[in-house]
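Undergrad: Here is a sequence with its predicted model. Questions after.
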Amino acid sequence: MRIKSTAIILILITVFSQTAVYASEEAQRPELTVGQALTMAVSNSGNIKSLQESEVSLKNTVTSARDTMLDSTTNTAYVNAYKSMTEAQLSLSLLETDTKVQKEKLEYNLKSYFAQIIAAENNLALTDKQLELDKRSLDISALRLQLGLISQSAYDSAVYSYESALISRDNAAANIDSYYRSLNDLMGQRLDKKYTLVLELDYEPIGDSFNMTTSIARAIENSSDIKNLEKKVYLAQYDADTKTYQLLDNNGNFTVTEYNTAKQEAGNAVAQAARNLENSKTSIEMNLRSNYDSIKGLERTYESSVKELAQLQSELGILQAKLELGKVTQLEVDLKALSVEKTEEIIRSTVYDHEIKLMTLINPDLASQ
């Protein structure tokens, strides 16, 4: 009976050649910490550069508007200059906060990329181990086929599953390359660079002392998005309150029709700015509650995975003892050992996800773009 295994062997050789090259390349990679990455990302950030550049422009606007106010000969000129000066002063007052938030967002995004890449690389290594074990199992199936213990259909099905796993493995490797490109783009580095990433996150579950109402209030009070929207409400209200002066002509007159139209438009602008502010507050509350639920879900995953790991380790110990007695095969032991490693990786990834999600619970600004 002919067994179609030549292609599988060739593919397996290719996979493990790639794995060896990958391992060699990984050993030569430079180490990169979040702190080092953040320094590069801040230097590369267009948003931070724009904020820094805007400081000079805003200060010039304040000076120019103040001079215009002093030299103004009409109420309209004075009111418009005062509005420009106030808007610039409010923006200056928020500049430091906006810059701080941008840096915090960069750190959050970097930690997210680090966790994503580390998990993907660890899972790729586990996939390679799984493929090696699957190939050994496939060899056993080939022998059983020769002995007439399984059908050709059953063997072909096993081959198909193995080939599908190879394709999934290649896709996973391609995803890692994509993750690195995103990380390097954020840092302003060559897109194909790779690193030995260092990410240290401690797992600390949310305690019973967490108060949702207090957290929502604090999040809204500290939100830079809310502060910017409050600024827009203030300016819209000022525009509405001074509409009469803005419409005066050189003789100090204005038409009733023009005034009524302008006043209505200004009132609409105030209402819209107020709605945007309230919508943002509602969004912060909804996101915070959603993040809390997600974090509690991750904590349940962590707890169940730790219990599962203990059970798997116990089962592995029993199999190792049976192996010494010749009651099980090495393949059975290796498969159980791989299950232990996979569960350990689930726990590690859960810790990463938990701590990164926790950052957005403490600071909801991080989740906004």
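TA: Thanks, I have the structure now.
Undergrad: neighbours around Lys232, how many?
TA: Neighbour count for Lys232, taken as other CB atoms under 10 Å: 18. For the C-beta atoms, the positions are set from N, CA and C on the backbone; glycine is no exception.
Undergrad: likewise Leu331?
TA: Leu331: 13 neighbours (other CB under 10 Å).
Undergrad: roughly how far apart are it and Asp170?
TA: 25 Å (CB to CB, to the nearest Å).
Undergrad: Please apply the same query to Thr33.
TA: In terms of CB to CB, Thr33 sits 30 Å off from Asp170.
Undergrad: how about stretch 47-65: buried residues?
TA: 48, 51, 54, 58, 61-62, 65 (16 or more other CB atoms under 10 Å).
Undergrad: With adjacent residues omitted, what lies nearest to Leu94?
TA: Lys227 (5.7 Å; CB to CB, 6 or more residues apart in numbering).
Undergrad: Pick the one among the buried residues of stretch 47-65 closest to Ala115.
TA: Ile48 (23.1 Å; CB to CB).
Undergrad: Please identify the helix or strand for that closest one.
TA: Following DSSP states H and E, one finds Ile48 within helix 46-71.
Undergrad: going on from that helix, what's the next piece of helix or strand?
TA: helix 75-146.
Undergrad: Give the buried residues for the next helix or strand after that following helix.
TA: The helix or strand immediately downstream of helix 75-146 is helix 152-187, counting by DSSP H and E. Residues of helix 152-187 classed as buried by neighbour count (16+ other CB under 10 Å): 155, 158-159, 162, 166, 169, 173, 176, 179-180, 183-184, 186-187.
Undergrad: next SSE after helix 152-187?
TA: strand 196-198.
Undergrad: Report the rounded mean pLDDT for stretch 114-128.
TA: Averaged across stretch 114-128, pLDDT comes to 96.
Undergrad: can you list contacts of that stretch?
TA: Stretch 114-128 is contacted from outside by 15-16, 19, 22, 26, 34, 37, 165, 168-169, 172-173, 175-176, 179-180, 183, 197, 199, 201, 338, 341-342, 345, 348-349, 352-353, 356, using CB atoms under 8 Å, 6 or more residues apart in numbering.
Undergrad: repeat for stretch 305-319
TA: So stretch 305-319 is in contact with 328, 332-333, 336-337, 339-340, 343-344, 346-347, 350, going by CB under 8 Å, 6+ apart.
Undergrad: Which of those residues are buried, as a ChimeraX select command?
TA: Of the contacts of stretch 305-319, the buried ones can be selected in ChimeraX as follows, counting by 16+ other CB under 10 Å:
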select :328,336,337,339,340,343,344,346,347,350
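Undergrad: contacting residues for the most centrally placed residue in the chain?
TA: With distances taken as CA atoms, centre = their mean, Ser112 lies nearest the centre of the chain, 4.5 Å away. With contact taken as CB under 8 Å, 6+ apart, Ser112 is in contact with Ile356.
Undergrad: any idea how far the closest residue to Asp365 other than its chain neighbours is from Pro364?
TA: Sequence neighbours aside, Val101 is the residue nearest to Asp365 in space, at 5.1 Å (criterion: CB to CB, 6+ apart). For Val101, the distance to Pro364 (CB to CB) stands at 11 Å.
Undergrad: Check the burial of the residue nearest to Asp365 by counting its neighbours.
TA: Around Val101 there are 22 other residues, counting by other CB under 10 Å.
Undergrad: Local confidence estimate at it?
TA: Reported pLDDT for Val101: 90.
Undergrad: and if you look at the one 4 residues further on?
TA: pLDDT, the model's per-residue confidence, is 94 for Lys105.
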